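**Q** Everything below, folded, please.
(chains A and B)
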Amino acid sequence: MDVFPYLVAGWVFLAGCYGLATSRNLIHAVGCLSVCQAGTYVLLLTVGYRDGATAPVFSDLKPGSRPVVDPVVQALTLTDVVVGATVTALLLALVVQISKRHGTVDPDELSELRG
Amino acid sequence: MSRRVRLWLLAVGGAGLATLFVAAALDLPAFGGDRHPYGDRAVHASLARHTANVIASVNFDQRAFDTLGEMTILFAAVIGCVILLRQTRDEHRDRPAAPEKVARPVRRHALLVLPVALLTGLYVIAHGQLSPGGGFQGGVVAATSLHLLYLGADYRALERVRPVGLYETGDAIATSAYVVTGLAGLIGGTAFLANTVLPYGTFNTLSSGGTVPLLNAAVGMEVACAVVVLLARFLDQAVEIEEGNGK
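**A** Reported below is the predicted structural model:
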């Protein structure tokens, strides 16, 4: 089952997409976007995994004594988590405004423009 | 677009994406395999520059310019939230009502854990180049630890330790500090954000890694300030800002 971890990443991403498309609540939709993002974390960490390896931190590990997992994808995941958190905050702030102006958070009821 | 059409479109698109993804995954290198050319090179470069935490080295040395962009996204998102969640003309600010009663065990534990959590956050930031962690993680821990005061005491107590203006300034200063550290490279005669200005120090000590600890600290400060400002704006909306009567 060598491809299984990759497939999990794709499945998590698609589950998030399904939630986004069927959502009846914008807060729920923002949550689904975070699920999509979690799929990318799984994919990145899967790509970097190495059998029998440990974390790429050498404070108590003699360099060269053990294999380490790929630090590049871990750094990318870290980046993604931070950016994801702030973008989620920004989207939630937008939802707060939408709820104030339109009195609803159902995307289907937000079809017409209002000043 | 009706819900039916949308679901059909989603099914077709999702099936297409799933097919392509599975086809791509079948061609990827096997899971857990031994061939990681970029990873090996990153480890090598990190050890050459005396940085024990390779991830910190990737973020603040090898990919420092990329991290600058990511900090800018963070900064811009915070500005966006501050603008979106500001008090508008038809709203007014109400002082929160008298503090709610907090259960004694909650109060005791929150106040006990607060200094420990704050110190942990600062520790994680300071040791970013040595142990797992770094500015991003430590900043979040430090910022959220302040909010234990909201759980343990009340909103007014939190406001006293959290002058939002000061944290907004701190956010901006930290972002600038990152750029200034990068510019030091230019003045030192190399490239922007190149880690050649400071000595690399002794491996596995606090001062090792050249500019990595400085950039790490700048990011830690920015993230801490950003999280405090973000949570302050959201709490303001929940606790203080009320809709005007005229609406």
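
**Q** okay, now residue 26: neighbour count?
**A** Chain wasn't specified; assuming chain A. 20 (other Cβ atoms under 10 Å in any protein chain shown). C-betas here are computed from N, CA, C, even on glycine.

**Q** Not quite, go with chain B.
**A** 11.

**Q** With residue B:152 instead?
**A** The burial count for residue B:152: 19, using other Cβ under 10 Å.

**Q** What of residue B:54?
**A** 28.

**Q** before we move on, what about the one 5 residues further on?
**A** The local packing of residue B:59 (other Cβ under 10 Å) involves 28 other residues.

**Q** Now do the contacts for whichever residue of chain B sits closest to chain A.
**A** Chain B approaches chain A most closely through residue B:39 (3.3 Å), counting by Cβ to the nearest Cβ. Going by Cβ atoms under 8 Å, 6 or more residues apart in numbering or on different chains, residue B:39 touches A:48, A:50, A:56, A:68-73.

**Q** just the buried members of those?
**A** A:48, A:50, A:56, A:68-73 (16 or more other Cβ atoms under 10 Å in any protein chain shown).

**Q** returning to that earlier point: so which of the contacts of residue B:39 also contact chain B?
**A** On the criterion Cβ under 8 Å from any Cβ of the partner chain, A:48, A:50, A:56, A:68-73 are the entries of the contacts of residue B:39 that sit beside chain B.

**Q** Go through those and flag which are in helices.
**A** When the ones next to chain B among the contacts of residue B:39 are checked against helices (DSSP state H), the matches are A:48, A:71-73.

**Q** which one among the residues you listed gets closest to chain B?
**A** residue A:71 (3.9 Å).

**Q** Would you confirm that the closest one contacts residue B:56?
**A** No. Counting by Cβ atoms under 8 Å, residue A:71 stays clear of residue B:56, with 9.2 Å between them.

**Q** Now name the helix or strand holding the residue nearest to residue B:190 when sequence neighbours are not counted.
**A** In space, and not counting its chain neighbours, residue B:190 is closest to residue B:196: 4.9 Å by Cβ to Cβ, 6 or more residues apart in numbering or on different chains. Element membership for residue B:196, per DSSP states H and E: none, as it lies in no helix or strand.

**Q** mind listing what residue B:196 touches?
**A** Neighbours of residue B:196 in contact, by Cβ under 8 Å, 6+ apart: B:185, B:188, B:190, B:210.

**Q** try residue B:109
**A** Taking Cβ under 8 Å, 6+ apart as the test, what residue B:109 contacts is residue B:152.

**Q** Setting aside sequence neighbours, what's the nearest residue to the residue nearest the centre of chain A?
**A** For chain A, the residue nearest the mean C-alpha position is residue A:37 (1.9 Å; Cα atoms, centre = their mean). Closest residue to residue A:37 apart from its sequence neighbours, by Cβ to Cβ, 6+ apart: residue A:84 at 4.8 Å.

**Q** looking at it, that neighbour is touching residue A:34, isn't it?
**A** Yes. Contact criterion Cβ under 8 Å: residue A:84 and residue A:34 qualify, at 6.6 Å.

**Q** Help me confirm that residue B:62 comes into contact with residue B:44.
**A** No. The pair residue B:62 / residue B:44 is not scored as a contact, 10.7 Å apart, by Cβ under 8 Å.

**Q** coming back round to it: pLDDT score assigned to the residue nearest to residue B:190?
**A** On pLDDT, residue B:196 comes in at 79.

**Q** Residue of chain A nearest chain B, please.
**A** Closest point on chain A to chain B, by Cβ to the nearest Cβ, is residue A:70, at 3.3 Å.

**Q** how close does that residue sit to residue B:136?
**A** 19 Å (Cβ to Cβ, to the nearest Å).

**Q** Also residue B:143?
**A** 11 Å.
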